[in-house]
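**Student:** Structure, please.
(one chain, ligands or ions: 2)
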Amino acid sequence: MLASRLDYVVYTVGILAALRSKYLNGASVGVMITASHNPPPDNGIKMVDPTGDMLEQSWEKYATELANASHTELPQTVADLVKTLSIDLSIPASVVIARDSRDSGPALLQSTKDGISVFSGEIADFGLLTTPQLHYLTRCFNDKAFGTPTEQGYFEKVAASYQAIYQLYGFTSKRAITIDAANGIGGPKITDSLASLLANEIEFTVVNNEFTTPEALNFSCGADFVKTGQKLPANVQPSPNTLYASFDGDADRVVCYYVNGIGQFRLLDGDKIATLLAKFMQETLAQTSLDITIGVVQTAYANGSSTDYATQKLSLPMACTATGVKHLHHAAKEFDIGIYFEANGHGTVLYSPETIEKLTLFASQNAEETKLVLTLLHLSDLINQTVGDAIGDLLAIVILCQIMDKSPEQWDNEYTDLPNALDKLLVSDRSLFTTTDAERKLVTPAGLQGKIEAVYTKYPRGRSFVRASGTEDAVRVYVEAEKAGDVASIMEEVKKAVLEASK
Ligand SMILES: CC(=O)N[C@H]1[C@@H](OP(=O)(O)O)O[C@H](CO)[C@@H](O)[C@@H]1O
Ligand SMILES: [Mg+2]
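**Tutor:** Ligands and ions are numbered 1, 2, ... in the order given. Next up is the predicted model:
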């Protein structure tokens, strides 16, 4: 939402955060002021639970109720909530808070703090952070074994796990990576902190690092620009077959890319990242005596080729969930090692507590096997266990490519994406679009699903689905098919059917 309209909303979220902390017996909860990949005039707010996961879904409705209460209604709405949830107001509240680099951030952060202060909540204000850093810190406040609850603690955990893997393989040569930071907060976190900690292992180049120029944020750059437009961001002049990466504005999303020998742009998106991680972990586990299973979680936006590759070539168990990280994260917890990614680059790898225990207690006379198990263990520290993290994900990609000795092209060649397109339509009422089967099929408007299927089944490997966006006032249309020309035809016909059905 436009930041200029959010003052009251974030104030009520501040109140809710303090209440959630009290409800959870004083455990620290997190609040992040960010609008991710969206334009500079926007802002938003995210709530984080004590484990570092996103806010439990059952509480989302309370956030909506408070934000929709008028100024005069607010005290009563809050009192009702306290009563409904039997919250003991004498328990102290603790909230960890931070913001991204938007110029509306300081004022909205202050309004949020004012909300927290209504219930005298204790506030740990970390100023400028990436979203995943805030998730990490929130977890650390509640679970000291997870890490030191400081920003330096985050960097040291990430750098130490990277170096540990690097040393296990006896590497001596530096890998180079160029990052498009979307002119957001991820850039300075690399250049001012991480780059010096990993100076012997990685040669970082950061472009689009004007985070102090608010109007530059996400403009012609960043993960969303690259993924949506399937093209290079501004200020990247690529050398052939060299790895590049783009973060989004709050650095919880990453996509990679390269140009091949004939100058074509090739995207290595969330699906490619998930399958790279899955292949490595599967091959590594197969060389040990450990009984640990891997699963991959995707959404309907995953390219059909990636799903085929993971299920048929790697023979891995797969789950498909509704769009949104909270759904994927939840499903990934069902596996010993759950790899989840949205095609747009949000994702991470979750290890179950039992898996961490197995890896930690593992003992073998075999040096090679020990190395592999330690690699998996250090990867769990490198890859953020609380939420998708562009920094942790990218470092995992870089070290795995070094271990597997894979060029970007070799990584890409594991499977070929089906041509695809994502578009959106403005309709008068998007709530008319309801879905089933992990959002892959429309239930209403009545009859529309049949029409969509009649369109795409005419084309080889055609697939299309339509759903209402959860974050924008629009309906999204996804299409893929064997031939790019067919994608365009399906898109046109499906859009026509959607517009007719929503009249
Ligand atoms: C197709 C697509 O990219 N959808 C995005 C977008 O959700 P929508 O519900 O489609 O608006 O924003 C979400 C939050 O950033 C992100 O998790 C999701 O992947
Ligand atoms: Mg983001």
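**Student:** ok but Ser464 is inside a strand, no?
**Tutor:** Yes. Looking at Ser464 with DSSP: H, G, I helix; E, B strand; the rest coil, it is inside a strand.
**Student:** And for it, the neighbour number?
**Tutor:** 25 (other Cβ atoms under 10 Å). Backbone N, C-alpha and C define where each C-beta goes, glycine included.
**Student:** and if you look at Thr34?
**Tutor:** Neighbours of Thr34 using other Cβ under 10 Å come to 29.
**Student:** go on, Gly304?
**Tutor:** Look at Gly304: counted by other Cβ under 10 Å, it has 17 neighbours.
**Student:** pLDDT averaged over stretch 321-330 - what is it?
**Tutor:** The average pLDDT within stretch 321-330 is 96.
**Student:** what about that stretch, near ligand 2?
**Tutor:** No. Stretch 321-330 does not reach ligand 2 (Cβ under 5 Å from the ion); its nearest approach is 9.3 Å.
**Student:** ends of that stretch, how far apart?
**Tutor:** By Cα to Cα, to the nearest Å, the extent of stretch 321-330 from end to end equals 9 Å.
**Student:** Quickly list the domain ranges of this protein.
**Tutor:** Following automatic domain parsing, one finds the domains of the chain at 3-147, 152-268, 270-392+403-412, 420-501.
**Student:** which residues sit in contact with the residue nearest to Val48 when sequence neighbours are not counted?
**Tutor:** In this structure, Val48 finds its nearest non-sequential neighbour in Gly30, 3.2 Å apart by Cβ to Cβ, 6 or more residues apart in numbering. Residues in contact with Gly30 (Cβ atoms under 8 Å, 6 or more residues apart in numbering) are 47-49, 52, 95-97, 134-135, 137-138.
**Student:** go with 7 Å
**Tutor:** Gly30 makes contacts with 47-48, 96, 134-135, 138, as judged by Cβ atoms under 7 Å, 6 or more residues apart in numbering.
**Student:** quick one: which of these is most hemmed in?
**Tutor:** Ranked by the number of neighbours (other Cβ under 10 Å), these place Thr138 first, at 33 neighbours.
**Student:** Let me see the contact set for that residue.
**Tutor:** Thr138 touches 28-30, 48, 50, 52, 96, counting by Cβ under 7 Å, 6+ apart.
**Student:** What of Gln410?
**Tutor:** Contacts of Gln410 by Cβ under 7 Å, 6+ apart: none found.
**Student:** Repeat that for Thr360.
**Tutor:** Counting by Cβ under 7 Å, 6+ apart, Thr360 touches Leu377.
**Student:** Please identify the buried residues of the host helix or strand of it?
**Tutor:** Assigned by DSSP states H and E, Thr360 falls within helix 353-361. Residues of helix 353-361 classed as buried by neighbour count (16 or more other Cβ atoms under 10 Å): 355-356, 358-359.
**Student:** which parts of the chain sit against ligand 1?
**Tutor:** 36, 301, 323-325, 342, 344, 346, 469-472, 476 (Cβ under 6 Å from any ligand atom).
**Student:** hmm, back to that, Serialize the buried residues of helix 353-361 to CSV and add fields for distance to ligand 2 and pLDDT.
**Tutor:** CSV is the format used below for the buried residues of helix 353-361 (distance: Cβ to the ion, whole Å; pLDDT from 0 to 100):
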residue, distance to ligand 2, pLDDT
Thr355, 27, 98
Ile356, 27, 98
Lys358, 32, 97
Leu359, 30, 98
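**Student:** Show me which pair in those residues is furthest apart.
**Tutor:** Pairwise distances across those (Cβ to Cβ) peak at 7.4 Å, for the pair Ile356 and Lys358.
**Student:** which SS state does the residue of the chain most remote from its centre fall under?
**Tutor:** Going by Cα atoms, centre = their mean, the residue of the chain most distant from its centre is Gln365, 38.5 Å out. Following three-state DSSP, we place Gln365 in the coil state.
**Student:** ok, now how distant is it from ligand 1?
**Tutor:** Noted for Gln365: a distance of 46 Å to ligand 1, by Cβ to the nearest ligand atom, to the nearest Å.
**Student:** Please apply the same query to Gly249.
**Tutor:** 11 Å.
**Student:** Okay, and which of the contacts of Gly30 map to helices?
**Tutor:** 134-135, 138 (DSSP state H).
**Student:** Save those residues as CSV, and put in distance to Gln385 and pLDDT too.
**Tutor:** Listed next are the ones in helices among the contacts of Gly30 as CSV, based on distance: Cβ to Cβ, whole Å; pLDDT from 0 to 100:
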residue, distance to Gln385, pLDDT
Leu134, 14, 98
His135, 9, 98
Thr138, 12, 98
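**Student:** where's Ile339, which helix or strand?
**Tutor:** strand 337-341.
**Student:** Starting from that strand, tell me which strands it pairs with and how they run.
**Tutor:** Each strand that pairs with strand 337-341, with its direction, by DSSP bridges: strand 294-299 (parallel), strand 347-351 (antiparallel).
**Student:** so which of those is the most packed in?
**Tutor:** Greatest average neighbour count among these goes to strand 347-351 (a mean of 27), per mean count of other Cβ atoms under 10 Å.
**Student:** which residues sit against that strand?
**Tutor:** For strand 347-351, the external contacting residues (Cβ under 7 Å, 6+ apart) are 270, 273-274, 277, 328, 332-333, 337-341, 380, 383-385, 387-389, 393.
**Student:** Likewise for stretch 389-408?
**Tutor:** With Cβ under 7 Å, 6+ apart, stretch 389-408 has contacts from 132, 158, 162, 165-166, 169, 171, 175, 177, 186, 189, 194, 202, 241, 243, 245, 247, 251-254, 256, 258, 268, 273, 276-277, 280, 348, 379, 382-384, 411.
**Student:** before we move on, back to that, of the contacts of Gly30, closest to Ser86?
**Tutor:** Met47 (20.2 Å).
**Student:** any chance you could map the strands in the stretch 101-250 of the chain?
**Tutor:** For the stretch 101-250 of the chain, the strands defined by DSSP state E, counting those that start in this stretch occupy 122-128, 175-180, 202-207, 244-247.
**Student:** tell me the most buried of those?
**Tutor:** strand 244-247 (a mean of 28).
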